[in-house]
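**Q** below: sequence and its predicted model.
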Amino acid sequence: MADRSRNSAPPDGEDTELSMEIRRVADSIWCSRRCARFAEERGFRDVALWEISIAVSELVTNVIKYAGEGVLRISAVENPTVGIEIAVEDEGPGIEDIEQVVVDGFSEGRMLGPDTHPEERRGLGSGLGAVHRLMDQVEIANKLDRGARVVARKWLPEKD
């Protein structure tokens, strides 16, 4: 595939947005692979593709753990520069403390400690913090009625 400049649009007939339902644990693999392919079609390479895959896997896994199901949408964006936007929505309980969920070690409403027994937790408490580190912009919000929405953006790097 030919490299694209930062300001080029996808070729005619290429999808600029995809929507995927999240219903089971295996969807984290399927969604991360499909999103990586979508990003590669827009010029992302190597490390950026890995970062996008990991971030999508973390987001989808959180939907399954805390809401049971949801929707992931990935779209091409061009403002302020060329990139992708990944939006994940669910109808779960929402996020009690949005500022704390990006702190490593914070999981299920509390800080996990070295003495926290593995049976007392469902994760390591690094998922949304990892998403923040891997993507260029992340917005986390509770929806007005019920559930949460996370939007993560990754910008195509400048060409040398």
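**A** Cool, got the structure.

**Q** what is the three-state secondary structure of the residue nearest the centre of the chain?
**A** Centroid-nearest residue in the chain, with Cα atoms, centre = their mean: V56, separated by 3.8 Å. On the three-state scheme (DSSP: H, G, I helix; E, B strand; the rest coil), V56 is labelled helix.

**Q** now it: how far from E158?
**A** 23 Å (Cβ to Cβ, to the nearest Å). For the C-beta atoms, the positions are set from N, CA and C on the backbone; glycine is no exception.

**Q** so what's the residue nearest to the centre of the chain up against?
**A** Each residue near V56 by Cβ atoms under 8 Å, 6 or more residues apart in numbering is listed here: 28, 31-32, 35-36, 72, 86.

**Q** what pairs with S19 across the strands?
**A** R73 (DSSP bridges).

**Q** which ones are touching it?
**A** By Cβ under 8 Å, 6+ apart, the neighbours of S19 are 71-73.

**Q** top of those by neighbour count?
**A** Neighbour count (other Cβ atoms under 10 Å) singles out L72 as the most crowded of those, with 25 neighbours.

**Q** what distance do you get for Q137 to P80?
**A** For Q137, the distance to P80 - Cβ to Cβ - is 10 Å.

**Q** more crowded one of those two?
**A** The neighbour comparison of Q137 against P80 (other Cβ under 10 Å) goes to Q137, with 12 against 8.
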